[in-house]
Each structure stands twice: as structure tokens, then as C-alpha cells.
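Asks: everything below, folded, please.
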Amino acid sequence: MAERRLNASVEQRATKRLERLGIRRIEPAWIKLWALALAAPEQSPAAWLLGAAELRRPLLLPGTALPAASKPSADELWIEGGSADALYLDTATPPSQAELARHWLWERLAKPRLWRLDVAKAAPTPLWFPCFLGYATSKTRRGPHHYRIVVASGLSGELLPQLKPLVLKRLLALSRAQHHQSVAIAEHG
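Replies: I've put the predicted structure just below:
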């Protein structure tokens, strides 16, 4: 069975950044995003917009090719919600091409001389985006613990706060699904 591993040097960079924030528990994860090519007319892609319907602002990934982990291999066992190695968070709905084009318009307006690319007419491509989830707890004055989650890129080690709401939503959905499954097993078993 094939295993997907994240780059060790990126993992070290992400770990150092997360440890500076007081985070000691780090878990690799894969988030399903949708990639839309950005290219000059009649040329190959120069960058990619990575988004999901639930994501407020897409990520911008410069480069002509998508990362190698863009498609899970057929022989790899992966289940939404995790495996022994990593957590897999599937975003069911891709963003519309019009929505991504609108986001790209705002990005271009912010830096007009930097980006002279247009959104490609092709449909968004599914992409398993590697990242690290960092978990921290801290005591509050009133007693209960305060829990924090931080998302870091598995490609660069940079923090990606824009992915946090998406991650939290998927973790909540997984938690509810597991709870309902546990209740169903208890009732029938």
C-alpha cells in the first residue's frame, strides 16, 4: 500500500513555527481543495487558485504544475476522517468557476502589475492539499481549558489561517458522523 509522506524539511519548518506559537501536538493532514488554472491567453498555467465552496478566499499557488499529491493513488487506503498516518478532510462541493473568477478579479485589482493572467475555462481539478494541524490547550482563569488549532502548509510550512474555518467545519462534521455511528451501533448491537 502506498503511503503519502510530507516533505521532512517542510515538516521541520512548520513544526518550528508552530512550536513558537506554543503548539506541541502536530498532525499531518490532507485537505481536498479544488484547483483552477491561471494562465496567459493560449499558454500553459503559470499559477493555480485553490479553493472550496466553504472557503472565503482561495489560496494562490504559483507554479506551472500541481503538487504530486494532486490525486490519491488507487491502491492507497484512505478514509475521510483519517488513517494511521494522517487525517483526510474532504470538501464535498467544488467552488463555482464564476466564484473563483470573482476572487481572482479582486486579487488582480490589489496587485495589477504583478498578475497578468486569466482564469482558464476548464473545470476545477480536485487536489489533496498537504498541511499540518497544530493543537494547543491553555488554562483560562475561570477553570476550563481553551483549545486552539492552527493550520500550516505542507508545501511551504507557512501558516494558513484562511483554512482554519474549513478545517473546523470538517472536523465537526466528522465528529458528528462518528457520534451518530456510535449511537446506531449501540442501538442495534
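
Asks: can you confirm Val151 is in a helix?
Replies: No. With DSSP: H, G, I helix; E, B strand; the rest coil as the criterion, Val151 is strand rather than part of a helix.

Asks: if I pick the nearest residue to Lys169 once chain neighbours are set aside, what's in contact with it?
Replies: Once flanking residues are discounted, Lys169 sits nearest to Glu54: 6.0 Å by CB to CB, 6 or more residues apart in numbering. C-beta here means a position set from N, CA and C on the backbone, and glycine is covered the same way. Residues counted as contacts of Glu54 (CB atoms under 8 Å, 6 or more residues apart in numbering) are 91, 93, 165-166, 169.

Asks: which one of the residues you listed sits in the busiest neighbourhood?
Replies: Per-residue neighbour counts (other CB atoms under 10 Å) across the contacts of Glu54 peak at Leu166, which has 22 neighbours.

Asks: sorry, back to before: mind checking the SS state of the residue nearest to Lys169?
Replies: Per three-state DSSP, the secondary structure class of Glu54 is coil.

Asks: and the strands in this structure?
Replies: In chain order, the chain shows strands spanning 25-39, 47-51, 59-62, 87-89, 118-119, 125-139, 145-153, with DSSP state E as the criterion.

Asks: rewinding a little: quick one: which two of the contacts of Glu54 are the most distant?
Replies: The most widely separated members of those, counting by CB to CB, are Thr93 and Pro165 (15.0 Å).

Asks: if we can go back for a sec, from the contacts of Glu54, which single one is nearest Gly157?
Replies: Checking these against Gly157 with CB to CB, the nearest one is Leu166 at 19.0 Å.

Asks: so what sits opposite the spatially most central residue of the chain in the bridge?
Replies: In the chain, the centroid-proximal residue (CA atoms, centre = their mean) is Ile31; its distance is 3.8 Å. Beta bridges link Ile31 to Leu89, Phe129 when assigned by DSSP bridges.

Asks: which one is Val101 nearest to, not counting chain neighbours?
Replies: If you look again at residue 101, you'll see it is Ala, not Val. For Ala101, ignoring the flanking residues on the chain, the nearest one in space by CB to CB, 6+ apart is Val119 at 4.6 Å.

Asks: report how many residues lie close to Ser9.
Replies: Around Ser9 sit 9 other residues, with neighbours defined as other CB under 10 Å.

Asks: separation between it and Ser175?
Replies: Taken as CB to CB, to the nearest Å, the spacing of Ser9 relative to Ser175 amounts to 33 Å.
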